[in-house]
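S.K.: coords below, sequence missing:
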């Protein structure tokens, strides 16, 4: 069983769908997947901050079961935990949404597996997920790759938290997530949960950049992370092009290797919008 964790509201649906499709299309193993999804209602902060609705969950479940009937999805509403742990904290209005903070609850949720792969929604697999998932992290709290910009600007071993292979058993022993929650509650951090995780780490396994390529796509790239990046032309600027913006992926990145995934996503999303949401 491969265990995957997503966190977010309804706006991560496109990312969850494209990411899951890329996993199943690029990974030949017949081993089933369990997708854990943490969500919550914090609409008092922003009207869009509502939980992923059941229509999305049920449709996602139908899609993943079309690849393997043993695939499953487990949705957990962490609203009450969030209110208890982080309501009014200094990082509630961080640069990213409060949904990035809720992966820090993984040690508090009953039934979570010892090993789980956390993924941001703007992730696409270019190669077999087992190249990453099967890495031995027995003696480590987690495995992660360097942040493309942070390794130059902050620290050579500064990691990007968009792809984290959790050894949840070890993290419970060291109290990593408990310590990270403490940082979130008491101090405003530049990169919120990512900074909290890094500050609370006892022992991590450094992965090659191919497991979280945030700027380039190579033949050896396992994961392409469509995070915000710097462009030099026609003038220096940043842009945040996501994989589900297929036209811009083609026009700006010139990526066509994901077309089998993205064309299926377009078909499935249109079907969801016309047949499910309209009911």
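M.R.: Noted; the coordinates are in hand. All figures in this text were calculated on a predicted structure; none of them were measured in a lab.
S.K.: Next one: the residue most central in space within the chain relative to residue 160, how far apart?
M.R.: Centroid-nearest residue in the chain: residue 120, 1.7 Å away (criterion: C-alpha atoms, centre = their mean). According to C-beta to C-beta, to the nearest Å, residue 120 and residue 160 sit 9 Å apart. Placement of C-beta: from N, CA and C, glycine included.
S.K.: what touches both of the two?
M.R.: Shared contacts of residue 120 and residue 160, defined by C-beta atoms under 8 Å, 6 or more residues apart in numbering, are found at 225, 227.
S.K.: Disregarding residues adjacent in the polypeptide, which is nearest to residue 185?
M.R.: Leaving aside its chain neighbours, residue 185 sits nearest to residue 89 (5.0 Å; criterion: C-beta to C-beta, 6 or more residues apart in numbering).
S.K.: For that neighbour, grab the count of nearby residues.
M.R.: 20 (other C-beta atoms under 10 Å).
S.K.: ok, now residue 248?
M.R.: Residue 248 has 14 neighbouring residues, counting by other C-beta under 10 Å.
S.K.: what's the helix or strand hosting it in contact with?
M.R.: For residue 248, the host element (DSSP states H and E) is helix 246-248. For helix 246-248, the surrounding residues in contact (C-beta under 8 Å, 6+ apart) are 241, 262, 265, 266.
S.K.: just the buried members of those residues?
M.R.: 241, 262, 265 (16 or more other C-beta atoms under 10 Å).
S.K.: possible to save those residues as CSV with secondary structure?
M.R.: Converted to CSV, the buried ones among the contacts of helix 246-248 look like this (DSSP: H, G, I helix; E, B strand; the rest coil):
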residue, secondary structure
241, coil
262, helix
265, helix
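S.K.: mind putting those residues in JSON lines, pLDDT and distance to residue 247 included?
M.R.: Formatted as JSON lines, the buried ones among the contacts of helix 246-248 follow (pLDDT from 0 to 100; distance: C-beta to C-beta, whole Å):
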{"residue": "241", "pLDDT": "95", "distance to residue 247": "10"}
{"residue": "262", "pLDDT": "98", "distance to residue 247": "10"}
{"residue": "265", "pLDDT": "98", "distance to residue 247": "13"}
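S.K.: does the residue nearest to the centre of the chain really touch residue 162, like I thought?
M.R.: Yes: if you go by C-beta atoms under 8 Å, residue 120 and residue 162 touch, sitting 3.9 Å apart.
S.K.: Common neighbours of those two, please.
M.R.: Residues touching both residue 120 and residue 162 (C-beta under 8 Å, 6+ apart) are 225, 227.
S.K.: Pretty sure residue 227 sits in a strand.
M.R.: No: Residue 227 is assigned coil when assessed by three-state DSSP, not a strand.
S.K.: How far off centre is the helix or strand where residue 5 lies?
M.R.: Residue 5 belongs to strand 2-7 when assigned by DSSP H and E. Averaging C-alpha positions (C-alpha atoms, centre = their mean, to the nearest Å) puts strand 2-7 8 Å from its chain's average.
S.K.: Could I get the buried residue list for it?
M.R.: 2, 3, 4, 5, 6, 7.
S.K.: contacting residues around it?
M.R.: 12, 15-16, 19-20, 23, 31-39, 99-100, 102-103, 106, 113, 115-119, 121, 129-130, 133, 166.
S.K.: what are the ranges of the helices in the stretch 151-279 of the chain?
M.R.: For the stretch 151-279 of the chain, applying DSSP state H, counting those that start in this stretch gives helices covering 168-174, 176-186, 192-200, 246-248, 259-271.
S.K.: Could you tell me how many residues sit around the residue nearest to residue 237 when sequence neighbours are not counted?
M.R.: Distances taken as C-beta to C-beta, 6+ apart place residue 231 nearest to residue 237, at 5.7 Å, with adjacent residues excluded. For residue 231, the neighbour count with other C-beta under 10 Å is 13.
S.K.: That concludes my questions; thank you for your assistance.
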